[in-house]
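Asks: quick one, structure for this:
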Amino acid sequence: MKKNLVFLSGFMASGKSTIGPILANTLGWNFFDLDKLIEEKEGKKIREIFENQGEDYFRSLEKKILKEVLNLNNYIIALGGGTIADTENLDLIKKNGLLVYLRSSPEETYKRLRFKRDRPTFLFDDEEPSKEKFLEKINELSEKREKYYSKAHVTIDTDKIRIGQTVDKLASLVKKEFDSETNKS
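Replies: Coordinates of the predicted model:
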């Protein structure tokens, strides 16, 4: 039986860290942001970990901490944008909870990310990359990850829907999902 765990996945800036705490509060559950947990445990920002230890080191930390949070109950967990691009992580998540894909278009992602410089995947040599270059990078990474994102139990488009509406939709879905699990036991 699945634990009461909801995993929010999606590309950077899709709303995971914004929607997650609101959804948790609405349900009376707790919230964790996997990237923030990694930063706390390492005492460094994700960007620093990527720069100093590399992506492989980061991904092994991510897997270790993901396995730790699987023991929790009544949690909403915001995953990093690339967490489910690892087959073992994806399988663990799907077996232990409800995986939700918050989908946003490359254009909307660009609007949300264009002024942020704290995302390791979006570090450009030049100070201000052109919109085209930025969108090219978003599209390239999105296409690589889509095959993993598409395996989520539920997909919600976040482009033209308000945060409150997304939370309401998810809260209803989560209650229905976990009430039906409880009724099966």
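Asks: by mean pLDDT, flag the weakest helix or strand of this protein.
Replies: helix 163-184 (a mean of 84; mean pLDDT, DSSP states H and E).
Asks: so what touches it?
Replies: Helix 163-184 is contacted from outside by 1-2, 4, 6, 15, 18-19, 22-23, 26-27, 98, 100, 102, 154, 156, 158, 161, using C-beta atoms under 8 Å, 6 or more residues apart in numbering. For every residue, glycine as well, the C-beta is placed using N, CA and C.
Asks: recalculate using a threshold of 6 Å.
Replies: By C-beta atoms under 6 Å, 6 or more residues apart in numbering, the residues outside helix 163-184 that reach it are 2, 4, 6, 19, 22-23, 26-27, 98.
Asks: check stretch 95-103 too.
Replies: 2-3, 5-10, 14-16, 70, 93, 149, 152-158, 177.
Asks: in it, what's buried?
Replies: 96-103 (16 or more other C-beta atoms under 10 Å).
Asks: go on, stretch 164-172?
Replies: Within stretch 164-172, judged by 16+ other C-beta under 10 Å, the buried ones are 166-167, 170-171.
Asks: what segments of the protein are helices?
Replies: Assigned by DSSP state H, the helices in the chain fall at 16-27, 34-42, 46-53, 55-69, 87-96, 106-113, 131-149, 163-184.
Asks: ranking those helices by burial, who's on top?
Replies: Across the helices of the chain, the average number of neighbours (mean count of other C-beta atoms under 10 Å) peaks for helix 16-27, which reaches a mean of 20.
Asks: what mean pLDDT does it have?
Replies: Mean pLDDT, helix 16-27: 96.
Asks: output that helix as PDB, nothing but the C-alphas.
Replies: Taking Å, rounded to 0.1, in the frame of the first residue of the first chain, the C-alpha atoms of helix 16-27 are listed here in PDB:
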ATOM      1  CA  LYS A  16       6.700  22.600  -7.200                       C
ATOM      2  CA  SER A  17       8.200  24.700  -4.300                       C
ATOM      3  CA  THR A  18       5.400  27.200  -4.500                       C
ATOM      4  CA  ILE A  19       2.400  24.800  -4.700                       C
ATOM      5  CA  GLY A  20       3.900  22.200  -2.400                       C
ATOM      6  CA  PRO A  21       3.700  24.100   1.000                       C
ATOM      7  CA  ILE A  22       0.300  25.400   0.200                       C
ATOM      8  CA  LEU A  23      -1.000  22.000  -0.700                       C
ATOM      9  CA  ALA A  24       0.500  20.500   2.400                       C
ATOM     10  CA  ASN A  25      -1.100  23.200   4.500                       C
ATOM     11  CA  THR A  26      -4.500  22.600   2.800                       C
ATOM     12  CA  LEU A  27      -4.300  18.900   3.600                       C
END
